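Asker: here is a sequence with its predicted model. Questions after.
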Amino acid sequence: MEVQAASTNDIEGITKLRSAAFIDKTSSCYPPSEAHQDNVEAYNDYAKNHPTKIEHCGIIIKDGEVVGAIQVVLPGDIADISMPSGIRHANKPKEAYVEWVGVLESGRGQGIGSLLLAWADELAIANGCTHITLEVVTQNTRAAQLYERKGYVVQPRYDCCGMLITFCLLWCCLGCKYTGAKLMKKDLV
């Protein structure tokens, strides 16, 4: 398996994977069909107005289907427009940010996540970034363990107001299942 940079021809596969991989992050106030439609609209907007956003999405295709993908935000890239503007990540200088990484259930345990994370590291380094960050919901211990094995370290958070807002958004908007998120960082040089 090999990671390749996505193109506009891959939008359908990317949005289908993203919707399937994050179905547990939907709720009654944000049903899966609405989440999928938001993904489709966002990626069509990227194709039209922000084409490098799609190029910074790495995908793995198996048997004609996108089975894994990772969206990297480099300095100068637009953040996820399907998210409310107040909670979009703002990159710091020399920072790459993993906006999301997803693997279909049928592809889990096959090293796809590791390949995608390695691709993200290479993309970040090639674009002059010195570190890469991501956030993972507290309850996603399997993903957090993978990130730790790949060199990511949990970062302390001192912004109590921000932590409270994150808790409220996660709890209320993602089906009353998630209580927080960990910011993780990996130095690249």
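Answerer: Okay, I see it.
Asker: which element is residue 147 on?
Answerer: helix 141-149 (DSSP states H and E).
Asker: list the contacts of that helix.
Answerer: For helix 141-149, the surrounding residues in contact (Cβ atoms under 8 Å, 6 or more residues apart in numbering) are 101, 113-114, 117, 134, 136, 182, 184, 186. No exception for glycine: its C-beta is placed from N, CA and C like everyone else's.
Asker: tell me the buried residues in that helix?
Answerer: The neighbour-count check on helix 141-149 (16 or more other Cβ atoms under 10 Å) flags 143-144, 146-147 as buried.
Asker: using JSON lines, lay out those together with pLDDT and distance to residue 71.
Answerer: Converted to JSON lines, the buried residues of helix 141-149 look like this (pLDDT from 0 to 100; distance: Cβ to Cβ, whole Å):
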{"residue": "143", "pLDDT": "90", "distance to residue 71": "15"}
{"residue": "144", "pLDDT": "92", "distance to residue 71": "18"}
{"residue": "146", "pLDDT": "93", "distance to residue 71": "17"}
{"residue": "147", "pLDDT": "95", "distance to residue 71": "15"}
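Asker: let's have these in CSV, adding distance to residue 3.
Answerer: Shown next, in CSV, are the buried residues of helix 141-149 (distance: Cβ to Cβ, whole Å):
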residue, distance to residue 3
143, 18
144, 21
146, 16
147, 17
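Asker: of these, closest to residue 72?
Answerer: residue 147 (14.2 Å; Cβ to Cβ).
Asker: and residue 126, how many neighbours?
Answerer: 9 (other Cβ atoms under 10 Å).
Asker: pLDDT check: weakest of the contacts of helix 141-149?
Answerer: Across those, the bottom pLDDT score, 89, is held by residue 182.
Asker: so how far is residue 44 from it?
Answerer: Going from residue 182 to residue 44 by Cβ to Cβ, to the nearest Å gives 31 Å.
Asker: between these two, which is the more surrounded one?
Answerer: residue 182 (17 against 13).
Asker: next one: phi and psi at that one?
Answerer: phi -100, psi 130 (degrees, to the nearest 10).
Asker: in this structure, which residue is closest to the centre?
Answerer: residue 100 (0.6 Å; Cα atoms, centre = their mean).
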